[in-house]
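Q: No sequence on hand, only this structure:
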């Protein structure tokens, strides 16, 4: 029924204009943000899942850094151990030289002078091989003790239970039991050779343990990087906007908005047209 009091057609056209305009605004927001979910009402469950995945990805990115740090720290420790290994080899050479019948006590005193300096150098390297001001190769009572029985944990996953425990064998002169030896006589040189053989064996095992941990960190780091890639892809499927699809929707909504505006304009003319009947 035509009416000049209540313009039902205009009200209907205005309602559709508001609906289409809001849909147009939503599409523009999604394209501009690159996200399919710009507010919770877009996809409540998708938002919850996507947010959880993003938190896991963030944790995994830090875990990747932790694994890289763990490998680097162990490589530093192995570098120090390698130098100590060279020193032990030299010390054994000096002890063997002292055992030779071609040298006398005076010569043994000269040999022992270098031998004692090398003992001190072992401690210097063990103490000086550091990370974050903490010695890696000797017991540290003032900071992180990398040689403690409990070791040091590295979190290498999205859960606090995803850990790799690192314990480095102390290889200072006292720990290797070469701190009190000398080669001033054939007898003490013989004792020194035996102690050095044991020390070299201990150090070789310590380096093997460090090498195994480096390998584990490297492989675990690769696994973390793969997980980050896969989780990011899943999050993208859930939360990222399909630009082509959303652009198509925006084009349709543009047409509907223009149609609603035209319809509203036409509906607003209807009361004026009805008034022509009174003339």
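A: Received it, and whenever you're ready, just let me know what you need. Owing to the predicted nature of the structure, the values given are computational and were not obtained by experimental measurement. Numbering: from 1, shown residues only.

Q: where do the strands sit along this structure?
A: With strands called from DSSP state E, the chain shows them at 130-131, 134-135, 152-155, 163-166.

Q: and the ones you listed, which is most packed in?
A: Here the criterion is mean neighbour count by mean count of other CB atoms under 10 Å, and of the strands of the chain the winner is strand 134-135, at a mean of 20. (C-beta placed from N, C-alpha, C; glycine too.)

Q: in its sheet, what does that one sit against?
A: Pairing partners of strand 134-135, with direction, according to DSSP bridges: strand 130-131 (antiparallel).

Q: List the neighbours of the strand it pairs with that are in contact with it.
A: Taking contacts as CB atoms under 8 Å, 6 or more residues apart in numbering, the residues outside strand 130-131 that touch it are 73, 76, 136, 146.

Q: Does the last one touch residue 126 like I think?
A: Going back to what we said before, that points to residue 146. No. At 11.2 Å, residue 146 and residue 126 do not qualify as touching, with contact defined as CB atoms under 8 Å.

Q: what touches both of the two?
A: For the pair residue 146 and residue 126, residues contacting each of them under the criterion CB under 8 Å, 6+ apart are 135, 137.

Q: Quick check, pLDDT for residue 25.
A: Taken from the predicted model, the pLDDT recorded for residue 25 is 76.

Q: I misspoke; the intended subject was residue 270.
A: Looking at residue 270, the pLDDT reads 69.

Q: Ranking by neighbours, what's the top pick from the contacts of strand 130-131?
A: residue 136 (29 neighbours; other CB atoms under 10 Å).

Q: Any idea how many residues pack against the nearest residue in space to residue 82 that is not next to it in sequence?
A: Closest residue in space to residue 82, ignoring its immediate chain neighbours: residue 207 at 7.4 Å, by CB to CB, 6 or more residues apart in numbering. A count of neighbours around residue 207, defined by other CB under 10 Å, yields 18.

Q: Wait, residue 211 touches residue 78, no?
A: Yes. With contacts defined as CB under 8 Å, residue 211 counts as touching residue 78 at a distance of 6.7 Å.

Q: circling back: which of the strands of the chain sits closest to residue 104?
A: Among those, strand 134-135 comes nearest to residue 104, with 39.8 Å by CB to CB.

Q: Which two among the contacts of strand 130-131 are spaced furthest apart?
A: For the contacts of strand 130-131, the maximum inter-member distance is 10.5 Å, found between 76 and 146 (CB to CB).

Q: Overlap of the contact sets of the two?
A: Overlap of the contact sets of residue 76 and residue 146 (by CB under 8 Å, 6+ apart) consists of 131, 136.

Q: where does the protein have low pLDDT?
A: 1-7, 269-279 (pLDDT under 70).

Q: can you give me the helices in the chain?
A: If you assign secondary structure with DSSP state H, the helices in the chain sit at 8-33, 44-99, 105-128, 186-239, 243-275.

Q: These into JSON lines, with extra columns for distance to residue 172?
A: Formatted as JSON lines, the entries for these read as follows, by distance: least, CB to CB, whole Å:
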{"stretch": "helix 8-33", "distance to residue 172": "58"}
{"stretch": "helix 44-99", "distance to residue 172": "9"}
{"stretch": "helix 105-128", "distance to residue 172": "4"}
{"stretch": "helix 186-239", "distance to residue 172": "11"}
{"stretch": "helix 243-275", "distance to residue 172": "62"}
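
Q: Which of the ones you listed sits closest to residue 168?
A: Distances from residue 168 to each of the helices of the chain were compared using CB to CB; the minimum, 5.3 Å, belongs to helix 44-99.

Q: List the residues that contact the closest residue to residue 253 other than its chain neighbours.
A: Take residue 253 and drop its neighbours on the chain: the residue closest to it by CB to CB, 6+ apart is residue 24, 4.2 Å away. Residues near residue 24 by CB under 8 Å, 6+ apart: 250, 253-254, 257.

Q: Among these, name the buried ones.
A: When neighbours are counted using 16 or more other CB atoms under 10 Å, the contacts of residue 24 contain these buried positions: 250, 253, 257.

Q: quick one: the second one and residue 20 touch, right?
A: Yes. A contact is recorded between residue 253 and residue 20 when judged using CB under 8 Å, the distance being 5.7 Å.

Q: and residue 169, what are its phi and psi?
A: Its backbone dihedrals place residue 169 at phi -70, psi 130, with angles given as degrees, to the nearest 10.

Q: Right, I'll call it a day here.
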